[in-house]
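Q: need coordinates for the below:
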Amino acid sequence: MTRHRLLGAFALLAGLAAQATEVAVDVGHTLAASGAVSARGRKEFDFNRELAARVAAELAARRLAVRKINFDGRIGSLYERPQQAAGSDLFISIHHDSVQAALLEEWEFEGKKQTYSDRHIGFSLFVSRDNPDLETSLRCASAIGARLRRLGFPPATHHADSMPGRHRPYADVENAVHYYDNLVVLYRTTLPAVLFEAGIIKHRAEEMALRDPLLQARMADAVATGIAACLSVR
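A: Presented below is the predicted three-dimensional model:
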């Protein structure tokens with residue numbers, strides 16, 4: 001290969017790299033404000049960080065660039081999350097869910113009182129109608145939900161749109177996608193954004209399932225597959 005052609009090939013590769021699809025993966029909550037507490041007293045942030053690391057690895061395996069947000073748990077504010085993601089093609093925030101306070105019951109685990117609810121299980125996804133690219137946000141959320149269902153993960157049903165103070169109407173009933181319009185990480189951004197609730201850690205059996213490395217790997221694979229499929233449609 002001549003020097004001229006070699007330089008041209010390098011320029012082409014550089015151009016392709018510059019155009020590589022990038023996903024910003026955000027670990028929900030922080031070390032200081034760790035989110036929900038599981039039925040056995042484990043912090044949501046710990047669940048979030050474990051799963052986010054697996055999702056990031058699965059995205060990278062699909063040759064998608066990954067921008068890690070808040071993996072150290074020390075981010076300053078909600079507003080910094082979408083700011084740090086600016087320039088990426090998609091922002092996904094990884095969370096684990098609780099239930100409404102009225103559904104909680106008390107039990108004792110390892111000598112400590114904890115709260116639980118065994119009434120609901122499953123994943124859910126959220127987008128904002130105030131996001132600058134709702135079409136892509138919704139397409140990606142639905143693609144993730146569809147892939148999760150295909151692999152046997154149950155969609156949650158407890159985010160009813162009729163509950164006072166919790167207006168979360170369905171955007172896609174089949175794939176458990178809801179509108180959550182005023183959530184900072186979904187609307188205060190310049191790119192498509194999805195919030196993913198992996199499951200309900202207040203449910204005693206689902207909590208243990210969500211801690212299983214094999215289930216985490218299967219779920220991360222489903223999320224990454226959904227994202228890759230969504231972002232291939234431009």
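
Q: what segments of this protein are helices?
A: Under the criterion DSSP state H, helices of the chain are mapped to 3-18, 44-61, 80-85, 134-150, 184-187, 204-210, 213-231.

Q: in TSV: these, plus distance to residue 115, mean pLDDT and mean neighbour count.
A: All C-beta atoms are positioned from the backbone trio N, CA, C, and that covers glycine. Below are the helices of the chain laid out as TSV (distance: least, C-beta to C-beta, whole Å; pLDDT from 0 to 100; neighbours: other C-beta atoms under 10 Å):
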stretch	distance to residue 115	mean pLDDT	mean neighbour count
helix 3-18	49	48	10
helix 44-61	13	98	21
helix 80-85	28	97	20
helix 134-150	26	98	22
helix 184-187	26	96	21
helix 204-210	11	98	18
helix 213-231	23	98	20
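
Q: quick one: which of those helices is nearest residue 27?
A: For the helices of the chain, the distance to residue 27 is smallest for helix 44-61, at 4.6 Å, taking C-beta to C-beta.

Q: and the closest one, what does it pack against?
A: Secondary-structure packing of helix 44-61 (3 or more C-beta pairs under 8 Å, 6 or more residues apart in numbering; DSSP states H and E): strand 22-27, strand 65-69, strand 90-97, helix 213-231.

Q: export the ones you listed to JSON lines and tack on distance to residue 49?
A: Converted to JSON lines, those look like this (distance: least, C-beta to C-beta, whole Å):
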{"stretch": "strand 22-27", "distance to residue 49": "5"}
{"stretch": "strand 65-69", "distance to residue 49": "10"}
{"stretch": "strand 90-97", "distance to residue 49": "8"}
{"stretch": "helix 213-231", "distance to residue 49": "11"}
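
Q: just to revisit the earlier point, the helices of the chain: which one's closest to residue 116?
A: Between residue 116 and these, the shortest gap by C-beta to C-beta is with helix 204-210, which sits at 5.3 Å.

Q: if you count contacts, what does that closest one end up packed against?
A: Going by 3+ C-beta pairs under 8 Å, 6+ apart, helix 204-210 lies up against strand 193-200.

Q: buried ones in the strand it packs on?
A: When neighbours are counted by 16 or more other C-beta atoms under 10 Å, the buried residues of strand 193-200 are found to be 193-200.

Q: closest to residue 30 among those residues?
A: Distance from residue 30 was checked for each of those by C-beta to C-beta. The minimum falls on residue 195, at 15.5 Å.

Q: so what pLDDT did that closest one get?
A: Among the per-residue scores, residue 195 shows a pLDDT of 98.

Q: cool, and residue 20?
A: At residue 20 the predicted local distance difference test score is 79.

Q: just residue 159 next, same as before
A: 86.

Q: was I right about it contacting residue 167?
A: No: with contacts counted by C-beta atoms under 8 Å, residue 159 stays clear of residue 167, the gap being 10.0 Å.

Q: which one's more surrounded, the two?
A: Neighbours around residue 159 and residue 167, counted as other C-beta atoms under 10 Å, are more numerous at residue 159. The numbers are 22 against 15.
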